[in-house]
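Q: Next input, structure requested:
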Amino acid sequence: MRTTIRLDDDLMRAVKRHALESGMTVTAVIAQSLRERLQRQRDRIANPPTPLSLVTTGEGGLLPGVDLDDSARLSSSSWKTAFDPSRRQILVYAQRRDAPDHRRYLEWLISEVDSNAAFGLSPLVLSGFIRVVTHPKIFKTPSTLSEATAFAEQLRERPNSVSGPTASK
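A: Coordinates of the predicted model:
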């Protein structure tokens, strides 16, 4: 069947480059890409991932004077992180049982991750999350590094998880 599609210039250059490098026609590259994408979607529907059950930690609460919602204070401290703190805080609140509104954040995160929609996890957000939950000047009993990384890996291993760009590019 013949049809006309419109692709932006950068995408079309990439398709042509891939076709040339792989010895395929442009039509074959586009058809193969669409088949693979449609198959992944069918596989996801036929074999939905097991519902997520995140392992959470945290007892003892925050140290006196620490407010996870105070971005200015978090940014000015020795454990500064250079990214949107709200994304990091969602993970902190969901992982730490002693964080404010823990149950609400955990339920929201699980509902998002268990949906078929793709979700993104930036390496900067994940590293900031790990720095906050393991920091001894934030929580009375900080999460261990293995607890924090296990939580992050549970999210990253989901089939609908999409990693964000890294700073090394």
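Q: ok, and G120, which helix or strand is that part of?
A: Assigned by DSSP states H and E, G120 falls within strand 119-121.
Q: just checking, what packs against the following helix or strand past that strand?
A: With elements assigned by DSSP H and E, the helix or strand that comes after strand 119-121 is helix 123-133. Secondary-structure packing of helix 123-133 (3 or more Cβ pairs under 8 Å, 6 or more residues apart in numbering; DSSP states H and E): helix 85-95, helix 145-156. The way it works is simple: take the backbone N, C-alpha and C, and place the C-beta from them, glycine included.
Q: which parts of the first one are buried?
A: In this case it means helix 85-95. Along helix 85-95, these residues count as buried under the neighbour rule (16 or more other Cβ atoms under 10 Å): P85, R87, R88, Q89, I90, L91, V92, Y93, A94, Q95.
Q: what's the lowest-pLDDT member of these?
A: For the buried residues of helix 85-95, the model is least confident at P85; its pLDDT is 46.
Q: what is the residue nearest the centre of the chain paired to in the beta sheet?
A: Centroid-nearest residue in the chain, with Cα atoms, centre = their mean: L121, separated by 1.9 Å. In this entry, L121 is beta-bridged to S163, by DSSP bridges.
Q: measure it to R104 for me?
A: 20 Å (Cβ to Cβ, to the nearest Å).
Q: for this protein, what helix or strand is lowest in average pLDDT?
A: Averaged element by element with mean pLDDT, DSSP states H and E, the chain has its least confident helix or strand at helix 71-76 (a mean of 48).
Q: residues touching F151, list them.
A: Neighbour list for F151: L54, V55, T56, T57, L91, Q95, S143 [criterion: Cβ atoms under 8 Å, 6 or more residues apart in numbering].
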